[in-house]
Every structure is written in C-alpha cells, then in structure tokens.
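Enquirer: Any chance you can model this:
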Amino acid sequence: MLSKRIIPCLDVRDGRLTKGIKFKDNVDIGDPVETARVYYEEGADELVFYDITASHEHRGIMLNVVEEVAKQIFIPFSVGGGINSLEEMRAVLLAGAEKVSLNSPAVKNPDLISQGAAAFGSQAVVVGMDVLAVDKSEACPSGYEIVIHGGRKRMGMDALEWAKTVEALGAGEICLNSIDADGTKDGYELNLTRMISEAVSIPIIASGGAGNPDHMADACLEGKASAALIASIVHYGEYSIKDCKDVMKKRGVKVREIW
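Expert: I've put the predicted structure just below:
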C-alpha cells in the first residue's frame with residue numbers, strides 16, 4: 001500500500017497566510033514563507049499554496065511569494081489560484097512549484113486541464129473541486145454541486161460527473177474540498193470523499209474539516225483518500241505533523257516516516 005500523505009494548506013490573501021470557516025471571515029494568521037519552512041522541517045509530505053482571491057479579483061497569482069516558498073522547502077509543492085492559461089501554468093512551475101492546481105479556471109475552460117497534462121504531464125496537474133452539499137436534482141444527481149470563485153458562485157454542475165470528466169481530460173490528482181466542512185474541525189465529508197474516490201482511479205486529496213488526527217485517518221480509511229489536507233489544526237499549534245502521523249500509524253494508516 002502506498003503511504004498516505006499529509007499536506008498542510010497555505011491559503012494566502014494579499015501575500016499573508018489566512019484562514020476562514022466555510023470560505024468566510026478570513027483572518028490574518030502569519031507569514032506563508034516562514035510557515036512553509038516550519039511544516040517542511042516538521043515532516044510534511046507536500047504543501048499546497050492557494051492564492052484564494054486571485055480568480056475572484058481577475059488577476060494572476062503572486063509569483064514572488066511562490067518563489068520565496070519554493071526556496072524554503074524540498075518537498076512537492078502545489079500552487080493554485082487564478083491560473084488561466086498554459087503560460088501562467090508554466091510560470092508557476094518555473095517559479096519552483098512541482099504542480100499547478102486548477103479550480104475555477106478549469107470549470108470555465110476544461111481544455112486547460114488537457115493542455116496542461118500534454119505540456120507538463122498529468123502528474124503536474126491537480127484539479128481542485130470546491131463542493132457544496134445540495135438536494136439531489138436532475139442537474140446534481142449525486143447531491144453535491146461544484147462551486148467556484150472561492151465559494152461565491154454555484155455552477156449547477158454535479159461534482160461526481162465533474163470528477164470523472166477531469167480524470168478523462170488528463171488530471172493527475174483531485175483535491176476535493178467540502179465547503180460545508182471547511183474550517184469546522186468536525187471531520188471531513190466522508191460520504192463525498194468515498195464517493196469520488198471510488199468513482200475515479202486518480203488520487204484524491206481530502207480537504208475541509210480536519211479537527212484532529214483521527215479525522216485524517218478516517219479520510220484515508222473510510223473515505224479512501226490518498227492524502228489529507230490540513231490547515232487550522234496545525235496553523236494554530238493544536239497538533240504537529242508528527243502528532244498527526246503517530247495517530248494515523250496507530251490506526252493502521254501507512255505514512256512516510258519523519259527522519
């Protein structure tokens with residue numbers, strides 16, 4: 001069995017690390033470059049950097065912050081937020097990231113996924129999915145809807161069908177974020193995570209709702225995720241990366257050892 005990954009998420013707004021609940025009420029909690037270095041040294045398997053207002057503000061990602069973070073860490077590093085073209089994907093990779101994460105731009109222009117996979121390889125293309133639980137309907141038979149622009153715009157698209165589509169287009173990975181669970185610390189949305197994990201063959205990163213390491217183990221064991229994205233529980237010092245890995249190992253989840 002492949003080791004499950006622990007991936008701290010750095011949401012960045014105006015060059016500063018920020019955190020909210022259900023995509024609202026974001027507060028400044030520090031320097032993303034310094035925080036990235038700490039998580040790398042603690043034993044994180046990867047990092048994710050999101051410029052959370054880039055799409056909504058119709059601007060490019062802050063490459064200077066990407067470059068500074070990349071200088072501090074030596075683990076895979078994914079960057080997302082307002083990446084709208086192959087040229088912008090290339091710029092992010094040249095700034096030091098190993099992967100680009102496409103969310104709102106991929107929904108509006110699905111060809112961007114296949115273009116990126118053809119140019120840089122599927123392993124470099126992550127599709128982020130922000131998902132809202134809704135009543136089942138003809139448009140959303142799974143009961144989960146795709147939302148873009150940082151939770152601001154509902155698309156009337158079924159999340160399960162979109163996951164299958166992005167895999168077919170060449171995405172190498174999906175970062176699956178539950179808006180309902182985001183920042184609540186009540187645990188990941190396991191039904192959603194398991195549904196998508198069982199429907200596609202590419203890795204699924206569970207995102208939204210981690211309150212303790214047991215939630216992370218649940219995402220991997222019950223949700224069948226390949227990785228667990230975390231933010232609040234490490235940003236506020238409640239748990240270290242080692243704490244998380246120790247609990248996951250006790251639950252029978254294979255994780256990479258910290259040296």
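Enquirer: got the residue ranges for the strands in the stretch 101-250 of the chain?
Expert: 125-133, 144-148, 153-158, 173-178, 204-207, 227-230 (DSSP state E, counting those that start in this stretch).
Enquirer: Could you tell me how far the most far-flung residue of the chain relative to its centre is located from residue 154?
Expert: The C-alpha centroid of the chain is most remote from residue 138, which lies 27.8 Å away (C-alpha atoms, centre = their mean). Residue 138 sits 15 Å away from residue 154, going by C-beta to C-beta, to the nearest Å. For every residue, glycine as well, the C-beta is placed using N, CA and C.
Enquirer: and what of residue 186?
Expert: 22 Å.
Enquirer: Verify the contact between residue 147 and residue 153 for me.
Expert: Yes. Counting by C-beta atoms under 8 Å, residue 153 is a contact partner of residue 147 at 6.5 Å.
Enquirer: The two: which has the busier surroundings?
Expert: residue 147 (25 against 14; other C-beta atoms under 10 Å).
Enquirer: For that one, which residues are in contact?
Expert: 130-132, 153-155, 179 (C-beta atoms under 8 Å, 6 or more residues apart in numbering).
Enquirer: which of those residues count as buried?
Expert: 130-132, 155, 179 (16 or more other C-beta atoms under 10 Å).
Enquirer: from those, which two are the most distant?
Expert: The distance between the two most remote of the buried ones among the contacts of residue 147 (C-beta to C-beta) is 12.5 Å, for 155 and 179.
Enquirer: ok so, going back, of the contacts of residue 147, which is the nearest to residue 35?
Expert: Among these, and counting by C-beta to C-beta, the member closest to residue 35 is residue 130, at 22.3 Å.
Enquirer: need the contact list for the closest one.
Expert: For residue 130, counting by C-beta under 8 Å, 6+ apart, the contacting residues are 23, 103, 146-148, 150-151, 177, 179.
Enquirer: Show me what it is bridged to.
Expert: Beta-bridge pairing of residue 130 under DSSP bridges involves residue 147, residue 177.
Enquirer: Beyond the lowest-mean-pLDDT helix or strand in the chain, next helix or strand please.
Expert: Ranking every helix and strand in the chain by mean pLDDT, DSSP states H and E puts strand 24-30 at the bottom, with a mean of 52. With elements assigned by DSSP states H and E, the helix or strand that comes after strand 24-30 is helix 32-42.
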